[in-house]
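S.K.: 3D, please:
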Amino acid sequence: AELFDGIVMAEQRFHGEGFQEGFAEGSHAGMAEGRRYGALHGARIASEIGCYLGFALTWHCLLQKCTDEKNSKKIRALDSLIGMVQKFPYEDPTYDKLQEDLEKIRGKFKQVCSMLNIQSDFRIGTERSSLTF
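M.R.: Down below sits the predicted model:
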């Protein structure tokens, strides 16, 4: 009877060992893939935010010379966009409102573009990343 127990139990033992090995290997591969995806996605967001900041700073400098009421509204909107970008939590990927804040920045950017009568189209692709006007 003991002879057959070893044979019968071998299947369960090998199944358990195989599961543990597969789980460990899958966990390791999943972590590596997750890191690559996170780095790529983070770089895309940083590129987008950087474009918004460069855009806002450039237009802020261009409009500072004009002091009429229309331009002061545009400058206030640009200041708001610059402030939002500067407060964005780049270093904290666990920030729970990251996507919400990113959407607010995108909305403010579109508002500023509308005020400046500029068509905006921010595209991120595998071939190129561009901001067109």
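
S.K.: Now do the helices in the protein.
M.R.: 2-63, 69-87, 98-115 (DSSP state H).

S.K.: Quick one: mean pLDDT over the first one.
M.R.: Taken as a whole, helix 2-63 has a mean pLDDT of 87.

S.K.: what do you get for the shortest one?
M.R.: If you average the pLDDT over helix 98-115, you get 93.

S.K.: now the second one
M.R.: Averaged over helix 69-87, pLDDT sits at 91.

S.K.: going forward, begin numbering at 803 instead of 1
M.R.: Shifting the count to begin at 803 puts that one at helix 871-889.

S.K.: helices or strands up against it?
M.R.: If contacts are counted by 3 or more Cβ pairs under 8 Å, 6 or more residues apart in numbering; DSSP states H and E, helix 871-889 sits against helix 804-865, helix 900-917. Heads up, the C-betas are built off the backbone N, CA and C, glycines and all.

S.K.: In the last one, which residues are buried?
M.R.: By neighbour count, with 16 or more other Cβ atoms under 10 Å as the criterion, the buried positions of helix 900-917 are Ile907, Lys910, Phe911, Val914, Cys915, Met917.
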